[in-house]
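**Q** sharing a sequence plus its predicted fold:
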Amino acid sequence: QVQLVESGGGSVQAGGSLGLSCAASGLSFGTYNVGWFRQAPGKEREFVGDMTWNGDNTDYADSVKGRFTISRDNAKNLVFLQMNSLKPEDTAVYYCAARAFYLGRSTMASLYSYWGQGTQVTVSS
């Protein structure tokens, strides 16, 4: 049974930082590209960034580029999202997702096979 479990969400003031973790189990984690997505109330789920299975390549949405950083530790089946210089518009539920490496990379949520339950991030002004 595949499980992705996010942790590390919370509340922070604008300009602050938060680090999210995603722990994977039940899959060969090192053979999956990983994406981070977020969904704010009343809005569609949107791409935040992704990282290839081997950690060699990352991509970020323009809205978070230069502020957010994805990393991973395949030995521990973990992926991280470090969020700096947070803004109120970053408030959302954040999700990690996994997509088999041979399927390629994608910014589309519908193309990811496995999802975590999400963790709330709230940024106050």
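**A** Ah, there it is. Small disclaimer: the values here were computed from a predicted structure and weren't measured. Numbers count the residues shown, from 1 in each chain.
**Q** which residues does the residue nearest the centre of the chain contact?
**A** The residue lying closest to the centre of the chain (C-alpha atoms, centre = their mean) is Trp36, at 2.3 Å. The contact partners of Trp36, taken as C-beta atoms under 8 Å, 6 or more residues apart in numbering, are 20, 22, 47-50, 68, 70, 79, 81, 94-97. Where you see a C-beta, it was placed from the backbone N, CA and C, and this is true even at glycine.
**Q** swap in 10 Å and give it another go.
**A** By C-beta atoms under 10 Å, 6 or more residues apart in numbering, the contact set of Trp36 is 6, 20, 22, 47-51, 60-61, 64, 68, 70, 79-81, 83, 94-97, 116.
**Q** what of Val123?
**A** With contacts defined as C-beta under 10 Å, 6+ apart, Val123 is in contact with 11-16, 18, 83, 86-92.
**Q** report whether it is found in a strand, as I expect.
**A** Yes: according to DSSP: H, G, I helix; E, B strand; the rest coil, Val123 belongs to a strand.
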